[in-house]
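Novice: Sequence first, then the predicted structure, then my questions.
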Amino acid sequence: MKTFKILILILFSISVGIVMGGYLFSQTQPRSLLSITRCRNCLTHADLLGLIASVGIQMFPGLIPSVVYETDKTVVIRDPFSSGRIHYILFPKKDIKNIGEISETDAQYLMDIFLVARKMIEEEKLSKYRLLTNGPGLQDVTYLHFHLMAE
């Protein structure tokens, strides 16, 4: 009888985990965790960070540290590792891996990022700045984001 209760508890825990995982990762883009055939970079460090960023930004935006500004489509944080005077990172609140994977439905998120970047530029009174993004292979996090930097 005790073994049966333990088995039921294990099955219940697994079921709850599957449901919670399905909910948490429902709005993320596919990132290959496993592959039946040959796999190159099935789950890279950048992909794992992108998956975590996606869940955090979409499901728990209030828990993100160093948030400077937020709209319903964009989150801006101060880069904690930057040595420059100004270094903000702008994230859309939709999981987009990189510019090569944007669609027409992503336009509203990208437009909002540029409007937020303009607001940050005006608030900081920046005249010399750089706004950039990296593509696949150059991203430390596989999640579309922009860096606003100034000296």
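Specialist: Yes, it's here.

Novice: which residues make contact with the biggest strand by length in the chain from outside it?
Specialist: Longest strand in the chain by number of residues (criterion: DSSP state E): strand 86-92. Outside of strand 86-92, the residues within contact range by CB atoms under 8 Å, 6 or more residues apart in numbering are 53, 57, 68, 73-79, 106, 109-110, 112-113, 116-117, 120, 124, 126, 129, 143-151. Bear in mind the C-beta positions are built from the backbone N, C-alpha and C, glycine included.

Novice: Against Ile99, how distant is Ile14?
Specialist: The gap separating Ile14 from Ile99 is 38 Å, by CB to CB, to the nearest Å.

Novice: Hmm, I typed the wrong one, I wanted Tyr88.
Specialist: Counting by CB to CB, the gap from Tyr88 to Ile99 is 19 Å.

Novice: more crowded one of those two?
Specialist: Set Tyr88 next to Ile99 and count neighbours by other CB atoms under 10 Å: Tyr88 wins out with 24 against 13.

Novice: Apart from its chain neighbours, what residue comes closest to the more buried one?
Specialist: Leu148 (4.4 Å; CB to CB, 6 or more residues apart in numbering).

Novice: Where do the strands of this protein begin and end?
Specialist: Using DSSP E, the strands of the chain run over 67-70, 74-78, 86-92, 130-132, 146-150.

Novice: could those strands go into JSON lines alongside mean pLDDT and distance to Leu49?
Specialist: Below are the strands of the chain laid out as JSON lines (pLDDT from 0 to 100; distance: least, CB to CB, whole Å):
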{"stretch": "strand 67-70", "mean pLDDT": "91", "distance to Leu49": "18"}
{"stretch": "strand 74-78", "mean pLDDT": "93", "distance to Leu49": "14"}
{"stretch": "strand 86-92", "mean pLDDT": "93", "distance to Leu49": "12"}
{"stretch": "strand 130-132", "mean pLDDT": "94", "distance to Leu49": "18"}
{"stretch": "strand 146-150", "mean pLDDT": "94", "distance to Leu49": "15"}
